[in-house]
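Colleague: sequence unknown, structure follows:
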């Protein structure tokens, strides 16, 4: 996912996407441990995508808290 696409997601959608991405990442890691995967760079890409998702989620949570406390 691109950064712009991630920023458009809601908090619930981000949480769901993180959960799905982490599950796929774990399965890829297990598959790679058993026999090498075709593209090992995908492991790194998936890990970075998860980090990107978590960063945007945290930014949105902080913004939401700031908006709530400002009222």
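Modeller: Done, it's in. What you are looking at is a predicted structure, and each value in this text was computed from that prediction instead of being measured. Residues are numbered from 1 along each chain as shown.
Colleague: C-alpha only now, for contacts and for neighbours.
Modeller: Fine.
Colleague: what sits against the most centrally placed residue in the chain?
Modeller: Nearest to the mean C-alpha position of the chain, by C-alpha atoms, centre = their mean, lies residue 50 at 2.8 Å. Residues near residue 50 by C-alpha atoms under 8 Å, 6 or more residues apart in numbering: 18, 21-22.
Colleague: rerun that using 6 Å as the cut-off
Modeller: Residues counted as contacts of residue 50 (C-alpha atoms under 6 Å, 6 or more residues apart in numbering): none.
Colleague: element containing it?
Modeller: Applying DSSP states H and E as the criterion places residue 50 in helix 41-70.
Colleague: List the buried residues in that helix.
Modeller: Within helix 41-70, the residues that count as buried by 16 or more other C-alpha atoms under 10 Å are 43, 46, 49-50, 52-54, 56-57, 60.
Colleague: Save these as JSON lines, and put in distance to residue 71 too.
Modeller: What follows is the buried residues of helix 41-70, written out as JSON lines (distance: C-alpha to C-alpha, whole Å):
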{"residue": "43", "distance to residue 71": "43"}
{"residue": "46", "distance to residue 71": "38"}
{"residue": "49", "distance to residue 71": "34"}
{"residue": "50", "distance to residue 71": "32"}
{"residue": "52", "distance to residue 71": "29"}
{"residue": "53", "distance to residue 71": "28"}
{"residue": "54", "distance to residue 71": "26"}
{"residue": "56", "distance to residue 71": "23"}
{"residue": "57", "distance to residue 71": "22"}
{"residue": "60", "distance to residue 71": "17"}
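Colleague: returning to what we had before: model confidence score at the residue nearest to the centre of the chain, please.
Modeller: Residue 50 carries a pLDDT score of 97 in this model.
Colleague: Could I get the phi/psi values of residue 37?
Modeller: Residue 37 adopts backbone torsions of phi -80, psi 160, taken as degrees, to the nearest 10.
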